[in-house]
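Enquirer: need a 3D model of the following:
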Amino acid sequence: MKLAFPCTRRWVIAGLAVAGWSGIASGRSVLAAGPLAGASRVELFRRIANYLALVAIGDPGRFAFRTGHTVSDALDAALRGRNATVRALALDEVASLLAVEFLLDPAGGEQEDAQIIFFELDGGYIAGTIVVESGAQFIAGDGNSPPRPPRGQDESLPESVRLPIMTPRKFRDYLDLFGRFDERFVEYYTPDVVFAADPAPVQLHGREAVLELYRPLRAELGENVTVHHLAIDNEAGIMIAALSNCLTAFGNVKLPSRQLGPGDQLALSGAIIYELREGAICRIRDVGG
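Expert: Model (predicted):
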């Protein structure tokens with residue numbers, strides 16, 4: 001998605017793709033389905049939990065889940081030997097991308113840590129690992145207010161809003177409305193949507209509550225979102241998105257994290273988890289929330 005107000009510098013998702021060994025692991029049939037192929041969601045939870053446990057202790061059994069032996073894996077560094085509990089997962093419709101939310105047990109005085117990993121799949125084997133890193137970067141403006149983008153509320157609501165399932169196109173249409181703060185973005189929510197993500201100080205209920213949160217903020221704030229990785233699982237009713245967004249202040253804006261002045265920008269990265277019901281978003285939450 002093109003940014004209307006691109007950040008001069010961007011804090012991006014850390015995508016650490018791990019290519020598999022060019023050959024097939026010794027003794028593995030080219031035709032054999034991998035351990036993550038064809039499993040029910042309950043069984044997939046169990047298998048991913050098993051894989052994380054093997055990675056945490058450096059067990060060679062972890063290579064049975066991969067397309068081939070890899071020299072290193074981004075997941076090894078992310079776990080750092082700590083136990084991980086799978087909390088949610090989303091498998092895309094062609095079983096090529098699996099997003100996993102997991103909690104890392106506290107260790108050495110560290111707090112419990114929630115993370116998102118995307119696994120690129122090939123025939124039920126893990127071909128690549130993408131670790132989603134959260135971050136924020138402040139970019140000072142020159143004190144001048146940039147031009148505001150048009151709201152475009154005279155345009156027809158996209159046809160995708162009526163689709164009974166979530167699709168990448170439907171999600172892009174939603175983000176386009178949200179980015180322009182066309183208040184009809186809430187049409188992509190169920191009437192009883194639960195909003196449990198930043199910048200809400202408390203959990204919100206219903207479309208109007210979400211609009212009441214954003215109206216004073218977006219009066220002086222532009223927001224442009226880029227999707228880096230997206231796993232939509234209509235069967236399980238969940239969607240996990242790795243995003244970066246650029247906030248641009250048109251005037252003075254007080255955010256929960258800091259104050260912005262005219263022209264200031266805040267570049268953010270991370271992931272958001274959406275729960276789905278009949279193709280509409282019924283819950284939005286932060287990772288670990």
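
Enquirer: for the chain, just list every one of the strands.
Expert: Ranges of strands in the chain, per DSSP state E, are 84-91, 97-104, 113-122, 125-131, 135-139, 189-196, 204-205, 221-233, 238-249, 253-254, 259-260, 265-277, 280-286.

Enquirer: which parts of the fifth one are buried?
Expert: When neighbours are counted by 16 or more other Cβ atoms under 10 Å, the buried residues of strand 135-139 are found to be Ile139. C-betas here are computed from N, CA, C, even on glycine.

Enquirer: and that strand with strand 265-277, angle?
Expert: 140 degrees (axes from the mean of the first three to the mean of the last three Cα atoms, to 10 degrees).

Enquirer: the first one now?
Expert: Angular relation of strand 84-91 and strand 265-277 on a 0 to 180 degree scale: 80 degrees, by the same axes, to 10 degrees.

Enquirer: what of the last one?
Expert: Here strand 280-286 points in a direction 130 degrees away from that of strand 265-277 (the same axes, to 10 degrees).

Enquirer: residues making contact with strand 280-286?
Expert: For strand 280-286, contacts defined as Cβ atoms under 8 Å, 6 or more residues apart in numbering pick out 166, 174, 188-190, 192-198, 239, 270, 272-276.

Enquirer: show the buried residues in these.
Expert: Among these, the ones that count as buried by 16+ other Cβ under 10 Å are 166, 174, 188-190, 193-195, 197, 239, 270, 272-276.

Enquirer: among these, which one sits closest to Leu121?
Expert: Nearest to Leu121 out of the buried ones among the contacts of strand 280-286 is Met239 (Cβ to Cβ; 17.1 Å).

Enquirer: contact partners for the closest one?
Expert: Shown in contact with Met239 (Cβ under 8 Å, 6+ apart): Ala90, Met166, Phe171, Leu230, Ala231, Ile232, Asp233, Ile273, Tyr274, Glu275, Leu276, Ile281.

Enquirer: need the mean per-residue confidence for stretch 113-126.
Expert: Averaging pLDDT along stretch 113-126 yields 93.

Enquirer: convert that stretch to PDB, retaining C-alpha atoms only.
Expert: These are the backbone C-alpha positions of stretch 113-126, laid out as PDB (Å, rounded to 0.1, in the frame of the first residue of the first chain):
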ATOM      1  CA  ASP A 113       7.400 -12.100  26.400                       C
ATOM      2  CA  ALA A 114       4.900 -12.500  23.600                       C
ATOM      3  CA  GLN A 115       6.100 -12.800  20.100                       C
ATOM      4  CA  ILE A 116       4.900 -13.500  16.500                       C
ATOM      5  CA  ILE A 117       6.700 -15.800  14.100                       C
ATOM      6  CA  PHE A 118       5.700 -16.400  10.400                       C
ATOM      7  CA  PHE A 119       6.700 -19.800   9.000                       C
ATOM      8  CA  GLU A 120       6.900 -20.100   5.200                       C
ATOM      9  CA  LEU A 121       5.700 -23.600   4.400                       C
ATOM     10  CA  ASP A 122       6.500 -25.900   1.500                       C
ATOM     11  CA  GLY A 123       4.600 -29.200   1.400                       C
ATOM     12  CA  GLY A 124       4.100 -29.100   5.200                       C
ATOM     13  CA  TYR A 125       7.800 -28.400   5.900                       C
ATOM     14  CA  ILE A 126       9.200 -25.100   7.200                       C
END
